[in-house]
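Enquirer: quick one, fold the following:
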Amino acid sequence: MREDRRRRYDDGFRREPLELIKAGAGKDTLARRLAIPVYTARNRIRPYRSGGEEAVMGGNGSRRYDWETKVAAARDHVENGMTKTEAMARHGIASIAPLERWCREYRAGGPEALRPKPKGRPKGARSRPKPKPFCKVKRPGELRKLMGVWVEEIDALAPSETIDVHGDTVDAKGEIVASIIHREGAECLATYGGDEFYAGHSALTVNAYGKGKAYFVGTPLDETGMSAFMAPIIKELDLKSLDTPEDVSLSVRYGDDGTRYAFLINNSAADKRLCLSELNGGTELLAGTVINDLIELKPYGVDVIALR
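Expert: Alright, predicted model coming up:
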């Protein structure tokens, strides 16, 4: 097995291909003897043909070429039909890499593309302005004053991941996302547990605003946690709970004129029947019928009821 030649190009390493080239080895022979690609072997031979032994051994170190030499070498290869090896030999270029770069620039922009580029910042130039923030308005945007909080980050949780939420009345699990909340007047009702990234940050808040209160929930709570969170609110407002069949949701909204609208949604593929005295006398707007005890909902059906 041949030795690994991926090491520094010291004199001994350069000398071996040089002796083979001087003995008349071509690119294929050189590639086979040194276990290198043919392309690499060809690039070893070119410096020798253009600059002799000194070019292969790197005796001149890093060379600098003036603009006229760059233009002449690039023009000879691009326009005058010289091979790269011939152009390198004619103009004393020790390595093929700069010649290939000059040729690309010459094709793209002509001789002027090879002129030295000014270094540093132009005189009188100003530094680049700092990039503008992606979002000027901190979450929750227009609701920030209402909620009394701003949200630094909404961090997505893994599908099977949950986060602990603890408070005086809430002991729950959150899922899907966890918001990093900073309070601006709001009261903290519960905080995150878990690792130090979340621990201690507010998870649930309440903010007194005008004649009411605004609650901010930083993570979707499990059923037990949401029930515990809602219980004191329902009690404080003396709200009545209405029992509906499984998979049937009921919500009530107020119109601009004060009219109450009840929305019944059947979220299942089965027929649902229910009786709610609180809805009696209301008008089901989609069918134009008046509610009188029994309400029948078709699979995935919706009733919109205007209440008196």
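
Enquirer: contacts for stretch 159-173?
Expert: Contact with stretch 159-173 is made by 157, 174-175, 178, 188-194, 198, 203-204, 219, 221-222, 224-226, 228-229, 231-232, as judged by CB atoms under 8 Å, 6 or more residues apart in numbering. (Each C-beta comes from the backbone N, C-alpha and C, glycine too.)

Enquirer: now those: which count as buried?
Expert: Buried subset of the contacts of stretch 159-173 (neighbour count, 16 or more other CB atoms under 10 Å): 157, 174-175, 178, 188-193, 198, 203-204, 219, 221, 225, 228-229.

Enquirer: which ones among those residues map onto helices?
Expert: Residues of the buried ones among the contacts of stretch 159-173 located in helices (DSSP state H): 225, 228-229.

Enquirer: and residue 241, how far is that from residue 234?
Expert: Applying CB to CB, to the nearest Å, the value for residue 241 to residue 234 is 7 Å.

Enquirer: of the two, which one has the most company?
Expert: Between residue 241 and residue 234, counted using other CB atoms under 10 Å, residue 234 has the larger neighbour count: 12 against 6.

Enquirer: and residue 59, what's its pLDDT?
Expert: On pLDDT, residue 59 comes in at 51.

Enquirer: in the stretch 51-200 of the chain, where is pLDDT below threshold?
Expert: Applying pLDDT under 70 to the stretch 51-200 of the chain picks out residues 51-63, 120-125, 127-128, 130-139, 195-196.

Enquirer: again, only this time at 50
Expert: Residue ranges of the stretch 51-200 of the chain with pLDDT under 50: 60-61.

Enquirer: ranges for the strands of it?
Expert: Here the stretch 51-200 of the chain has its strands, by DSSP state E, counting those that start in this stretch, at 149-156, 162-167, 171-175, 177-183, 187-192.

Enquirer: in TSV, list the ones you listed along with distance to residue 16.
Expert: Formatted as TSV, these follow (distance: least, CB to CB, whole Å):
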stretch	distance to residue 16
strand 149-156	57
strand 162-167	64
strand 171-175	65
strand 177-183	62
strand 187-192	65
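
Enquirer: out of these, which is closest to residue 297?
Expert: strand 171-175 (29.4 Å; CB to CB).

Enquirer: looking at the strands of the stretch 51-200 of the chain, which is closest to residue 126?
Expert: Across those, closest to residue 126 is strand 149-156 (CB to CB), at 31.6 Å.

Enquirer: please compute how far that closest one lies from its chain's middle.
Expert: 16 Å (CA atoms, centre = their mean, to the nearest Å).

Enquirer: now stretch 273-284
Expert: Computed by CA atoms, centre = their mean, the chain-centroid distance of stretch 273-284 equals 50 Å.

Enquirer: pull the contacting residues for the closest residue to residue 290 other than its chain neighbours.
Expert: Nearest non-adjacent residue to residue 290, counting by CB to CB, 6 or more residues apart in numbering: residue 283, 5.7 Å away. By CB under 8 Å, 6+ apart, the residues touching residue 283 are 289-291, 305-306.

Enquirer: could you pull up the contacting residues of residue 303?
Expert: Contacts of residue 303 (CB under 8 Å, 6+ apart): 262-264, 284, 286, 295, 297.

Enquirer: for the residues you listed, which one is nearest residue 105?
Expert: Of the contacts of residue 303, the one sitting nearest to residue 105 (CB to CB) turns out to be residue 263, at 68.8 Å.

Enquirer: okay, and the closest one sits in which element?
Expert: Here residue 263, judged by DSSP states H and E, is contained in strand 260-266.

Enquirer: quick revisit: now the buried members of the contacts of residue 303.
Expert: Judged by 16+ other CB under 10 Å, buried ones among the contacts of residue 303: 262, 264, 284, 295, 297.
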